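Asker: Okay, sequence plus prediction incoming.
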Amino acid sequence: MNLSIGLIGAGGITHVHIPAWLALGAQVTVFSLDGAADVASQYGVRVADTLDDLLATCDIVDICTPTPTHRDLSERALRAGKHVICEKPIALTAADAEALAELAHSVGKQLHPAHVVRYFPEYALAQTAVAAGQIGDPAILRFSRIGEFPTWAEWFADEAQSGGIVLDQMIHDLDIARWVAGDVSEVYAVKSAADGCETAQVVLTHESGALSYVTGVWGAPGTTFATSFSMAGSRGVLTHDSRTDASVRFDVGAPAGGNSARPDTSVGESPYLTELREFAVAIGGGAPPRVSLADATRAVELAIAANESIASGRSVSVLRLPVSA
């Protein structure tokens, strides 16, 4: 691939994006209001003095900046005729996400949302297994994501800028729940916050009748990051817990003449590399990636509905009405 990448930002996520681009043989130029020189020196990449300079030297813009900047930076890059990759969430509101989709279509450029959890092997394997019917029809799904409160940047604590724990952190599992069990008709959520910690519980009612229970925790400093899921269906259960075992376990009964299956989930590369390769292939005219801009927009819609439910204490309908013929 002959890739010319203009990466905006110098925060923590750049330290997984830049190595992935370099592994793909890309030429990377970095622009940031702060920290660009240090990042460029660390990885041996170029620095752009201004955003205009960056846009003049690349074909693909990779946005690794705080959430409140995503809409404006994506729009500016698209209007400059660049393909765009943007970290999640794609925008703070569904209306902004839809506006970006319309703009990308009108200028003939691609906009890809970086929902990297779809590329982590345990989640990708689970989705594939459920789609293949290995646990039967999904019935009850549980997802959790736990980590320390992100005190390294003040904007996380401002819900007007981050969307809070639901839009910033839990959007990963809202997206995965929909990917695995299908679209959602209703959202109910509760949240509590005290002493610099925050936790939320979101219940998704899927159109199929399945229920997903999604838990997010921003805990005390030093809280060990951990994820887990349990997917129960009409024929079995699929589970994963990063705190005890990095693999995915099936409990679907013993097949004839053998033991219960335990798939090998080992991989040889970063999920960020897998993700960015898929996006690059799509931009080059290849197959579309496993996560679409429509998926990202729907994830924002679900997160916004959850925050509305938290505020009102009531369930929020997100059922999409069928389009009349």
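Answerer: Perfect, I can see it now. Since the model is a prediction, treat every value here as computed from it, not as a measurement.

Asker: Show the end-to-end separation of stretch 202-216, please.
Answerer: One end of stretch 202-216 to the other measures 9 Å (CA to CA, to the nearest Å).

Asker: Now do the buried residues in it.
Answerer: By 16 or more other CB atoms under 10 Å, the buried positions in stretch 202-216 come out as 202, 203, 204, 205, 206, 210, 211, 212, 213, 214, 215, 216. No exception for glycine: its C-beta is placed from N, CA and C like everyone else's.

Asker: can I assume the last one is in contact with residue 167?
Answerer: No - contact criterion CB atoms under 8 Å: residue 216 and residue 167 do not qualify, at 10.3 Å.

Asker: Which helix in the chain has the most residues?
Answerer: Longest helix in the chain, counting residues (DSSP state H): helix 293-312.

Asker: Can I get it in PDB, CA atoms only?
Answerer: C-alpha atoms of helix 293-312 as PDB (Å, rounded to 0.1, in the frame of the first residue of the first chain):
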ATOM      1  CA  LEU A 293     -20.400   4.900   9.400                       C
ATOM      2  CA  ALA A 294     -24.100   3.900   9.800                       C
ATOM      3  CA  ASP A 295     -23.000   1.600  12.700                       C
ATOM      4  CA  ALA A 296     -21.100   4.400  14.400                       C
ATOM      5  CA  THR A 297     -24.100   6.700  14.000                       C
ATOM      6  CA  ARG A 298     -26.400   4.100  15.500                       C
ATOM      7  CA  ALA A 299     -24.000   3.600  18.400                       C
ATOM      8  CA  VAL A 300     -24.200   7.400  19.100                       C
ATOM      9  CA  GLU A 301     -28.000   7.200  18.900                       C
ATOM     10  CA  LEU A 302     -28.100   4.400  21.500                       C
ATOM     11  CA  ALA A 303     -25.600   6.300  23.800                       C
ATOM     12  CA  ILE A 304     -27.700   9.500  23.600                       C
ATOM     13  CA  ALA A 305     -30.800   7.500  24.300                       C
ATOM     14  CA  ALA A 306     -29.200   6.000  27.400                       C
ATOM     15  CA  ASN A 307     -28.200   9.500  28.700                       C
ATOM     16  CA  GLU A 308     -31.800  10.600  28.100                       C
ATOM     17  CA  SER A 309     -33.000   7.700  30.100                       C
ATOM     18  CA  ILE A 310     -30.600   8.500  32.900                       C
ATOM     19  CA  ALA A 311     -31.900  12.000  33.000                       C
ATOM     20  CA  SER A 312     -35.600  11.100  32.800                       C
END
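
Asker: next SSE after it?
Answerer: Using DSSP states H and E, the next helix or strand after helix 293-312 towards the C-terminus is strand 316-317.

Asker: Go ahead and measure how far the helix or strand containing residue 202 is from the middle of the chain.
Answerer: Using DSSP H and E, residue 202 falls within strand 197-206. Remark: strand 197-206 is offset 16 Å from the chain centroid, using CA atoms, centre = their mean, to the nearest Å.

Asker: what's in contact with that strand?
Answerer: Strand 197-206 has contacts (CB atoms under 8 Å, 6 or more residues apart in numbering) with 138, 149, 164-166, 170, 174, 177-178, 181-193, 211-220, 302, 306, 309-310.

Asker: low-scoring stretches of the chain, by residue?
Answerer: Scanning the chain for pLDDT under 70 picks out the ranges 1, 246-268, 321-325.

Asker: Point to the residue nearest the middle of it.
Answerer: Taking CA atoms, centre = their mean, the centroid of the chain lies closest to residue 115, which sits 2.4 Å from it.
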